[in-house]
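Visitor: Provided below are the primary sequence and the corresponding predicted coordinates.
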Amino acid sequence: MKVLILGSGGREHALAHRLLKDDTCTSVTVVPGNPGMSKDGIAVADVSLEDFDILSEFIFKQSFDFVFVGPEDPLEKGIVNDLELKGIKVVGPTREAAQLESSKAFAKSFMSQFHIPTSKFKIYTSSDSAIAGLKEFVEGQVVVKVSSLAGGKGVVVAENHAQAQKAIEDFLNNSSCQIKTDKIILEERLYGQEISAFALYDENGFINLGYARDYKRVFDNDKGANTGGMGTFSSDSLVSKELENTINREVFQKVFDGMRELGTPFKGILFAGLMLNGRSINVIEFNVRLGDPETQSLLPRLKGDLTQTLFNQTHNKLNHSLSLDPKAAVHVVMCSKHYPSIDGTALDLGH
């Protein structure tokens, strides 16, 4: 099979590398890709993800068997809606279903409506109302989140109300802040061990793909600003069978049922960020695609024909043909000096 992956990061590189190990995969092309992929023998093509008509013309010309959407931005813009309307098979959710990630306000309201465990929260549309709402939270126990997509950098775990207030004002009012949003979510801070859980959905159900743990703070010893992820590991030690059953029942199944009830069935990859505390779980957030950098530690452990599984998913014939290697996998991120700057500071890798 010929596969097209959309994206340009380490996640897409790791996915292409993994698919090429399958006997059913004859070729993988990544659009737009990056120079590191070319050095690794992965085909890339300079095709814009902004113009869906040009992209679909390229897909038809190359006769790809299916398309895998890597990043969140094209999903929010409705790339799956557009390609499916043209008869192209795609792994990824529609624009409407992608709101589970593109709108944190939608996701939190959805979790509340369908009884998916999550932290106490309130949604605000102005800085004045959000700052006034801080009094409903214990000092040092509040998390400030933007509702919009923010590349993993729209979260501030505030040590005090003054820090929370500054975050609110920056996100909503500060023109030099690169992250823009029309809604702010205040959440009660959760404690425990954080894990990332992944599932693949079609119209008939889902399969659990496995787990990883990422470390978001930019400095060692869990210090500094939140990032998109500084490194991850994946191993069998993260989740017991009993806990996996709970995650499947209380999170993945409820998402499947709830999205169908809303008339926006979820298909594609669901990434649930979870906080574990003993036997209890709470959803921190949803993402509607593979994580970066979690993909880089999870996919090397997946045994079986992933290409065939993804192809089956696009035809709503998903089956349980994958398993996890008992060996653990670790991934470490290299970043620029000023990462994760949100104030316009140049990010320089030094080469």
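Guide: Looks like it came in fine.

Visitor: only C-alpha atoms for contact and neighbour calcs from this point on.
Guide: Will do.

Visitor: S336: how many residues sit nearby?
Guide: For S336, the neighbour count with other CA atoms under 10 Å is 12.

Visitor: and if you look at K254?
Guide: A total of 17 residues lie near K254 under the criterion other CA under 10 Å.

Visitor: go on, N204?
Guide: Other residues close to N204 by other CA under 10 Å number 13.

Visitor: look up how far L318 lies from it.
Guide: 8 Å (CA to CA, to the nearest Å).

Visitor: now do A225
Guide: A225 sits 39 Å away from L318 when distances are taken as CA to CA.

Visitor: swap in H331?
Guide: Shown here: H331 relative to L318, a distance of 28 Å by CA to CA.

Visitor: likewise M259?
Guide: Applying CA to CA to M259 and L318 gives a distance of 18 Å.

Visitor: higher neighbour count, the two?
Guide: Applying other CA under 10 Å to M259 and L318 shows that L318 carries more neighbours, namely 21 against 18.

Visitor: excluding its backbone neighbours, what's nearest the more buried one?
Guide: Using CA to CA, 6 or more residues apart in numbering and skipping residues adjacent in sequence, the residue nearest L318 is N312, 5.3 Å away.

Visitor: other SSEs contacting the helix or strand hosting the one you found?
Guide: Secondary structure assignment for N312, by DSSP states H and E: helix 306-314. Helix 306-314 sits against strand 90-91, strand 193-202, with contacts defined as 3 or more CA pairs under 8 Å, 6 or more residues apart in numbering; DSSP states H and E.

Visitor: for the last one, what is the distance to the chain centroid?
Guide: Here strand 193-202 is found 9 Å from its chain centre; the criterion is CA atoms, centre = their mean, to the nearest Å.

Visitor: can you list contacts of it?
Guide: Strand 193-202 has contacts (CA atoms under 8 Å, 6 or more residues apart in numbering) with 206-214, 238, 252, 266-277, 290, 294, 313-314, 316-318.

Visitor: among those, which are in helices?
Guide: Applying DSSP state H to the contacts of strand 193-202, the entries found in helices are E294, Q313, T314.

Visitor: how much space separates the closest residue to the second one other than its chain neighbours from N245?
Guide: Yep, that's Q313 we're talking about. For Q313, the nearest residue in space outside its immediate sequence neighbours is D202; the separation is 5.6 Å by CA to CA, 6+ apart. As defined by CA to CA, D202 lies at a distance of 19 Å from N245.

Visitor: good, we can wrap up now.
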